[in-house]
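Undergrad: Below are the sequence and a predicted model for it; my questions follow.
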Amino acid sequence: MQPHERILVAIDTPDMATARALAARVRAHVGGIKLGMEFHNANGPEGVREIAGDTPLFLDLKYHDIPNTVAGAIRSAVTTCRPRIINIHASGGPAMMRAAVAANKEAAEKIGIEPPLMIAVTVLTSIDDSDLDAVGQATPSGDQVKRLALLAKAAGCDGVVCSPHEIAALHAACGEDFTLVVPGIRPADAAEDDQKRKMTPADAVAAGADYIVIGRPITQAADPAAAAKAIAESLL
Ligand SMILES: O=C(O)c1cc(=O)[nH]c(=O)n1[C@@H]1O[C@H](COP(=O)(O)O)[C@@H](O)[C@H]1O
């Protein structure tokens, strides 16, 4: 994989014209486009398909509900948005994850596409140990991430979303083939925003991230194409 292909740019905006302009500027410097709740809820699957175009799409809707509901949501999302990567919350539990994995394969087969990678979100990168304590979840965060990643693997998921700090431990626990999608990425001079478990793009890739998810450091830059290009070059 070329270094820039590891970058998934998060285009978080409700505005179609803004998303169109950003996608046109950064497409050549990244491996994929991530569209999430903000964009999808405003523009629907048609908007998602238009912005993704021929670029691999990470559809980030982070489903977390009862198994039957998540299975239905996955079937609809795969059919209408045709993503390359799709995600659910691992904390939805083993039965929910197994239902999502089965629905993903079934929907992809029905429309004759390769099943999207099914990726389970472990502990959000905006959360630290004090937040986990507050909601009554196990700490330290690294242990909780590993626990959820092993559950996701056992349920048939292709990989997980984790912070850069858990990459080495997860590759050791889940194998090198288990795909690690890693947000919480901040160039050294970038604002932290709401990301708590974070790392630079080069350090995250050196640690073994399969994909790094980067939003604001690219999309809010004065020149998004230059920002994406500089990040890609830092990975060489
Ligand atoms: O699933 C995700 O993509 C995700 C999981 C997570 O734990 N943390 C996280 O930041 N994300 C997403 O990754 C993107 C990060 O954006 P920036 O913080 O702007 O780089 C956002 O679109 C988040 O929704």
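TA: Everything's here; your move. Treat the numbers as computed from the prediction; the structure is a model and nothing was measured. Numbers count the residues shown, from 1 in each chain.
Undergrad: How many residues are close by the residue of the chain found nearest the ligand?
TA: As assessed by C-beta to the nearest ligand atom, the ligand sits closest to residue 215 within the chain, at 2.6 Å. In this view, the C-beta of every residue, glycine as well, is placed from N, C-alpha and C. For residue 215, the number of neighbouring residues by other C-beta atoms under 10 Å comes to 19.
Undergrad: Residue numbers of the protein in contact with the ligand?
TA: 10, 12, 36, 60, 62, 87, 121, 124-125, 161, 183-184, 193, 195, 213-217 (C-beta under 6 Å from any ligand atom).
Undergrad: What is the longest helix along the chain packed up against?
TA: Looking across the chain with DSSP state H, the single longest helix is helix 94-111. With contacts taken as 3 or more C-beta pairs under 8 Å, 6 or more residues apart in numbering; DSSP states H and E, helix 94-111 sits against helix 67-81, strand 85-89, strand 117-121, helix 141-154.
Undergrad: name the helices or strands packed onto the second one?
TA: So that's strand 85-89. strand 57-63, helix 67-81, helix 94-111, strand 117-121.
Undergrad: can I get these in a markdown table with distance to residue 223, mean neighbour count and mean pLDDT?
TA: Conversion of the helices and strands packed on strand 85-89 to a markdown table gives the following (distance: least, C-beta to C-beta, whole Å; neighbours: other C-beta atoms under 10 Å; pLDDT from 0 to 100):
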| stretch | distance to residue 223 | mean neighbour count | mean pLDDT |
| --- | --- | --- | --- |
| strand 57-63 | 23 | 22 | 98 |
| helix 67-81 | 29 | 19 | 98 |
| helix 94-111 | 37 | 18 | 98 |
| strand 117-121 | 30 | 24 | 99 |
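Undergrad: so residue 55 is in which element?
TA: Assessed by DSSP states H and E, residue 55 sits outside every helix and strand.
Undergrad: what does residue 202 give?
TA: Going by DSSP H and E, residue 202 is in helix 201-207.
Undergrad: got the buried residues for that helix?
TA: By neighbour count on 16 or more other C-beta atoms under 10 Å, the buried set for helix 201-207 is 201-202, 204-205, 207.
Undergrad: average pLDDT across it?
TA: Per-residue pLDDT values over helix 201-207 give a mean of 98.
Undergrad: Give the next helix or strand downstream of that helix.
TA: strand 211-214.
Undergrad: and the next element down the chain from that next one?
TA: Following strand 211-214 in sequence, per DSSP H and E, is helix 216-219.
Undergrad: hey, C-alpha coordinates of the helix or strand following that next one in PDB?
TA: Under the assignment DSSP H and E, the closest C-terminal helix or strand after helix 216-219 is helix 224-234. Extracted in PDB, the C-alpha atoms of helix 224-234 (Å, rounded to 0.1, in the frame of the first residue of the first chain):
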ATOM      1  CA  PRO A 224      -6.700  21.300   2.600                       C
ATOM      2  CA  ALA A 225      -4.900  19.800  -0.400                       C
ATOM      3  CA  ALA A 226      -1.600  21.000   0.900                       C
ATOM      4  CA  ALA A 227      -2.400  19.700   4.400                       C
ATOM      5  CA  ALA A 228      -3.300  16.300   3.100                       C
ATOM      6  CA  LYS A 229      -0.200  16.200   0.900                       C
ATOM      7  CA  ALA A 230       2.100  17.200   3.800                       C
ATOM      8  CA  ILE A 231       0.600  14.500   6.000                       C
ATOM      9  CA  ALA A 232       1.000  11.900   3.200                       C
ATOM     10  CA  GLU A 233       4.600  12.900   2.800                       C
ATOM     11  CA  SER A 234       5.300  12.700   6.500                       C
END
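Undergrad: tell me the mean pLDDT over helix 224-234?
TA: 98.
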